[in-house]
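Coordinates for the following, if possible.
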Amino acid sequence: MSNRYVVLSGCSGGGKSTLLTELRRRGHAVVDEPGRRVVEAELENGGRALPWIDLAAFARQAIGTSIADHETAGAWPNLVFCDRGLVDAAAALEHATGEPVLEQLGRQYRYNETVFLTPRPEIYATDAGRRHGFEDAIAEYERLERAYLMLDYRVVVLPKGTVEARADALLAAPTQHGRRVYLGRSRPCA
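This is a model prediction of the structure:
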């Protein structure tokens, strides 16, 4: 496990990328979302490994990207904040195919014991890389929360509020193992 790799996961449209932009602005190392990078590459090259066309192929590519990110980040000093990660991709593959990959990959490639989830967004919007509906985003959130808890991560749900306040809460959160915690007045995505 690398306690230096901190994962931000949660609801699609919950502000992960905005929060990571703020952490990057504050000088922290950030790894962009593997799934978004896969989607961008597939759209650019006319590929079919897109979650709305072939979720299994998309998830396999996101797993490969996540593993490469995990290995690359090992050379970086200090904390590395990851926009999603291997657990998210493995949970997607297991959901799509039933292949039991989550536990093996999730235990082989570990992150900081505390995983931060963004709560449900106030306004949900699709875009070229996010075409699933709000109900699918909620179901994904619930799968991810269960996956991280099953893999013995401490799940912390970040508060709603300004991006600066969320970054402050994330950076100030203590690391303890094995519980679900809500910072501020946040509620889960459901």
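
could you measure L144 against C11, distance?
9 Å (Cβ to Cβ, to the nearest Å). Any C-beta I mention is one placed from the backbone N, CA and C, and that applies to glycine too.

Find residues that contact each of those two.
Among the neighbours of L144, those also in contact with C11 (Cβ atoms under 8 Å, 6 or more residues apart in numbering) are L117.

pretty sure R84 contacts D32?
No - with contacts defined as Cβ atoms under 8 Å, R84 does not count as touching D32, sitting 9.2 Å away.

These two - which one has more neighbours?
R84 (25 against 17; other Cβ atoms under 10 Å).

give me phi/psi at the more buried one?
phi 70, psi -170 (degrees, to the nearest 10).

gap between it and A62?
Distance of R84 to A62, given as Cβ to Cβ: 8 Å.

what touches both of those two?
With Cβ under 8 Å, 6+ apart, R84 and A62 have common neighbours 34-35.

In this structure, where's the longest helix?
In the chain, assigned by DSSP state H, the helix with the most residues is helix 55-73.

For that helix, list every residue counted as buried.
Residues of helix 55-73 classed as buried by neighbour count (16 or more other Cβ atoms under 10 Å): 55, 57-63, 65-67, 69-70, 73.

Can you list the neighbours in contact with the very next helix or strand once past it?
Of the helices and strands lying after helix 55-73 in sequence (DSSP states H and E), the nearest is strand 80-83. Residues from elsewhere that reach strand 80-83, judged by Cβ under 8 Å, 6+ apart: 4-8, 16-17, 20, 23, 28-33, 36, 69, 73, 111.

Among these, name the ones in strands.
Counted as lying in strands by DSSP state E, out of the contacts of strand 80-83, are 5-8, 29-31.

So, low pLDDT: which residues of this structure?
By pLDDT under 70, the weakly predicted segments of the chain are 1, 120-132, 174-190.

same thing but at 80, please
1-2, 11-14, 119-137, 173-190 (pLDDT under 80).

quick one: the residue positioned nearest the centre of the chain and E99, what's the gap?
Residue closest to the mean C-alpha point of the chain, counted by Cα atoms, centre = their mean, is R84 at 2.1 Å. In this view, R84 and E99 are 19 Å apart by Cβ to Cβ.
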